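Enquirer: Got a predicted structure here, sequence first:
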Amino acid sequence: MDIFSDSGELYTIRNQFHTYQHNKVIQYDLNSFSPDVQLKVLEYQIRSTIALEQDASNLIENGKSLFPDSEELFQLLSAWNDLKDFGTDDSTYFEDIKEGKFELQAILTTLYLIKFEKDIDQAIVFLSSYINSVNTLKKYNELEPFLILIQLYLIKGNLKMAINIFENLKKDFPDSARDSTIYQVFESWILSIKNETDNINNSYYFYDEILASDFGDDSEPKGKFKILNVLLVLTLQLRHVPEAQELIEQMKSLNVVDDNFIANQITLKNILGDDTNDLISQLRKLNPEHDLIKDLDAKELIFDEIATKYKSV
């Protein structure tokens, strides 16, 4: 069976999970799925519960009873749930992992390295090692690791590696994978970084279609916020100021606190030539390690060094 086919049982729930429709994911009745996919459905539901900042302990315990042969999976999910509650993993589960044994372990350990260790370079090394360790046939079942790896290379500004991975995916994965939302997310990112108007517009239409079809109301405020934030970035790339201002107002109405949203507002203010001091203060308070803050501090340091140099002449 082609797991990427739109007739597959996991097609809808997988796409909903990867487009931040977590409330929809957790509302499914597990028994409405056939036994051979129920474990994967439960995995999505547990991860969605944690993404919504809710406690997934009951779901995990229920999963242990339903799937006693999947102890490793539920040990992993329990450790991930603990991180949500306590900001640390008392069992040192993730610290002890040196290489990923299975897909979700590789994914969550990579996210741990990013979020808690703040080590993107090590996250890239770890995830790349896992991807290289599985055979080609296995890779066909695992798009999410590539999604994360491409995103990490984009964050590091290594566009060449991001594009190379995407081009290899087009060769290695079946044509049906191109109907997957994850694959289309890859494609939208690559199109946007090529920074041509038509490419950015195509990326914009992709996310705008998701917004219109899946976020017609505010039942998924966090998911809607994330999609709007992507649209805001693309709109800023196009320098469409009125549209960007409209998106910002929509996002403010959702009452979600987010450092990247503040950074994008700063970008718009810079385009308009408006004062950004208040927004910079907000961002510094919310996330002093944000890349924009680091960039501003680095520029200020260089300015101070130049000023000191000429002052002493």
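Expert: Cool, got the structure.

Enquirer: chain center to the strand or helix carrying F17, what's the gap?
Expert: Assigned by DSSP states H and E, F17 falls within helix 11-18. How far helix 11-18 lies from its chain's middle: 14 Å, per Cα atoms, centre = their mean, to the nearest Å.

Enquirer: Contacts for that helix, please.
Expert: Contacts of helix 11-18 with the rest of the structure, by Cβ atoms under 8 Å, 6 or more residues apart in numbering, involve 4-5, 22, 24-25, 28, 41, 44, 47-48, 144, 147, 180-182, 185, 214. All C-beta spots, glycine's among them, are computed from the backbone N, C-alpha and C.

Enquirer: how close does Y207 get to V230?
Expert: Distance of Y207 to V230, computed by Cβ to Cβ, to the nearest Å: 5 Å.

Enquirer: Give me the next element, helix or strand, following the helix or strand hosting L152.
Expert: For L152, the element it lies in under DSSP H and E is helix 144-155. Reading on from helix 144-155 to the C-terminus, the next helix or strand found by DSSP H and E is helix 159-172.

Enquirer: Only the buried residues of that following helix, if you could.
Expert: 161-163, 165-166, 169 (16 or more other Cβ atoms under 10 Å).

Enquirer: Greatest separation within those residues: which pair is it?
Expert: Farthest apart among the buried residues of helix 159-172 by Cβ to Cβ are M161 and L169. That separation is 12.8 Å.

Enquirer: picking that back up, with just CA atoms, put the helix holding L152 into CSV.
Expert: Taking Å, rounded to 0.1, in the frame of the first residue of the first chain, the C-alpha atoms of helix 144-155 are listed here in CSV:
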residue,chain,number,x,y,z
GLU,A,144,9.3,14.4,8.8
PRO,A,145,13.1,14.0,9.6
PHE,A,146,13.8,15.7,6.2
LEU,A,147,11.3,18.5,7.0
ILE,A,148,13.2,19.3,10.1
LEU,A,149,16.7,18.9,8.6
ILE,A,150,15.8,21.3,5.7
GLN,A,151,14.4,23.8,8.2
LEU,A,152,17.6,23.6,10.3
TYR,A,153,19.8,24.3,7.2
LEU,A,154,17.6,27.2,6.3
ILE,A,155,18.0,28.6,9.8
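
Enquirer: ok, and what's touching it?
Expert: 18, 103, 106-107, 110-111, 114, 120, 123-124, 127-128, 130-131, 159, 161-162, 165-166, 169, 182, 185-186, 189-190, 193.

Enquirer: if you set the cut-off to 6 Å instead, what comes out?
Expert: 106-107, 110, 120, 123-124, 127, 131, 161-162, 165, 182, 186 (Cβ atoms under 6 Å, 6 or more residues apart in numbering).

Enquirer: need those in a markdown table with distance to N287 and secondary structure, can you?
Expert: Output for the contacts of helix 144-155, formatted as a markdown table (distance: Cβ to Cβ, whole Å; DSSP: H, G, I helix; E, B strand; the rest coil):
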| residue | distance to N287 | secondary structure |
| --- | --- | --- |
| A106 | 26 | helix |
| I107 | 23 | helix |
| T110 | 20 | helix |
| I120 | 15 | helix |
| A123 | 18 | helix |
| I124 | 21 | helix |
| L127 | 23 | helix |
| I131 | 29 | helix |
| M161 | 26 | helix |
| A162 | 24 | helix |
| I165 | 28 | helix |
| I182 | 27 | helix |
| F186 | 27 | helix |
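
Enquirer: Closest one to L292 out of those, please.
Expert: Among the contacts of helix 144-155, and counting by Cβ to Cβ, the member closest to L292 is I120, at 15.8 Å.

Enquirer: Quick check: that closest one vs Q237, distance?
Expert: Distance from I120 to Q237, by Cβ to Cβ: 23 Å.

Enquirer: Which one of those two is surrounded by more residues?
Expert: Per other Cβ atoms under 10 Å, whichever of I120 and Q237 has more neighbours is Q237, with 19 against 15.

Enquirer: pLDDT wise, what is the more buried one at?
Expert: Q237 carries a pLDDT value of 92.

Enquirer: which strands and helices sit next to the one helix or strand K285 maps to?
Expert: Taking DSSP H and E as the criterion, K285 maps to helix 277-286. Packing partners of helix 277-286 (3 or more Cβ pairs under 6 Å, 6 or more residues apart in numbering; DSSP states H and E): helix 259-272.

Enquirer: Averaging pLDDT per element, find the lowest-scoring helix or strand in this protein.
Expert: helix 136-139 (a mean of 56; mean pLDDT, DSSP states H and E).

Enquirer: what residues does stretch 29-36 touch?
Expert: Against stretch 29-36 from outside (Cβ under 6 Å, 6+ apart): 9, 38, 41.

Enquirer: excluding its backbone neighbours, what's nearest the last one?
Expert: Right, the one you point to is V41. F33 (5.1 Å; Cβ to Cβ, 6 or more residues apart in numbering).
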